[in-house]
Structure formats: structure tokens, C-alpha cells
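K.L.:
please work out how this folds:
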Amino acid sequence: MNPIRCVSMVVLLAGLAGCGNGNDVGDLDAFMNEVRLRPPGKIEPTPTFRSYPTFTYNAANLRSPFSRQVRVDLAGQKRGSRNVKPDPNRARQYLEGFNIEQFEMVGTISNATGSFALLRGAGGVHRLKVGDYLGRNDGRIVAISGSQVDVVEIVPDGEGAWLERPRTIPLKEHS
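P.N.:
Model (predicted):
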């Protein structure tokens, strides 16, 4: 006889032997009689629902708390000019709806009409020229080189005037 078949028969017989007499349920009957004799329990009423006032999040256009903070030196802080201010009548470009920190320069391209920067961000790669705008602070591209894009943003100085802030977007190697 096959040894595996022999072992499986022994296991099957041991399992059936453990079943014993199926008519011995006296302890189960005693427990059920004890439960039936207990007085019925009281069901607690459902708790009342307290509604809370609604909350509207109004900080969507503020600086991200996860980006680096700009260190402010009050003594050496530049004063804004009343001559510098964003043009409220200018038509907004698509890339002005995104934070400038999410853009990275991935290359340049040139043709007969001029030189263009290739910036990745806002869901794709975008071709931009000098004079195009990007970022939420009226950032205007002022220069394009093979290694960086120079942008000038117009930001409030906190005293009712505006300040031009230069930024650079460096070329990201191996992108």
C-alpha cells in the first residue's frame, strides 16, 4: 500500500474518532436554559446627533507651509515703489495659475524667430520666450540662457507698495 495513502487513512480515522457521541449536548441545553431565565436587558436609546458649523477653507491662494520660508531682514529690506505694480488689465496666461516653484528648466530650443526655454511643470513641458508670464506673482521672463531662465516677479512689500523680485530657474541636468 502507498505510504501517503496509509498516513491519510490514519489521519481520517483519528479525526472521526474525535467526533464522539453526537447526542451529548446536555451542557449546551443547560446554558440555553440559563440564558432564557435571565430578565430581558434594556436597550440604550440611540445618541442624539450634534451638527457642527460648516467650515470654508480660504487659504488656497496662500504660500504653501511646506516650502522654505523667506528670511526677512527688516533693516536691509528693500522698500517697494509705487511706480512698480502689476497690470490688472493684462490678459492672464495659462501658466500664471501655477506656483513658480513647480517649474524646472529642462532645455532650450532655438529657431529663426528666437530662443525658447523648455520648462516642465503644470502637467507637461512648455515652450516659453522672453516676455512670457508664469507663476502667481506676475512673474515675467526677462532672459533665457543655456543654463537658466531669469524671471522677475512683482510682489507686495507689505506697506502698500510693490517690489520686483528676481528669480532664476536653473537647468535640471539629466532630465
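
K.L.:
give me the number of residues near residue 156?
P.N.:
13 (other Cβ atoms under 10 Å). Glycine gets a C-beta too; all of them are placed from N, C-alpha and C.

K.L.:
any idea what it is bridged to?
P.N.:
residue 162 (DSSP bridges).

K.L.:
please identify the buried residues of the lowest-mean-pLDDT helix or strand in the chain?
P.N.:
Counting by mean pLDDT, DSSP states H and E, the chain has its least confident helix or strand at helix 3-19, which shows a mean of 76. Residues of helix 3-19 include none that count as buried (16 or more other Cβ atoms under 10 Å).

K.L.:
now the following helix or strand past that helix - C-alpha only, PDB.
P.N.:
Next along the chain after helix 3-19, taking DSSP states H and E as the criterion, comes helix 26-37. Below are the C-alpha coordinates for helix 26-37, written out as PDB (Å, rounded to 0.1, in the frame of the first residue of the first chain):
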ATOM      1  CA  GLY A  26     -26.500  18.500  27.900                       C
ATOM      2  CA  ASP A  27     -24.100  21.300  28.700                       C
ATOM      3  CA  LEU A  28     -25.400  23.300  25.800                       C
ATOM      4  CA  ASP A  29     -29.000  22.800  26.900                       C
ATOM      5  CA  ALA A  30     -28.200  23.900  30.400                       C
ATOM      6  CA  PHE A  31     -26.600  27.100  29.200                       C
ATOM      7  CA  MET A  32     -29.500  27.900  26.900                       C
ATOM      8  CA  ASN A  33     -32.000  27.400  29.800                       C
ATOM      9  CA  GLU A  34     -29.900  29.700  32.000                       C
ATOM     10  CA  VAL A  35     -29.900  32.500  29.300                       C
ATOM     11  CA  ARG A  36     -33.700  32.100  28.800                       C
ATOM     12  CA  LEU A  37     -34.300  32.600  32.500                       C
END
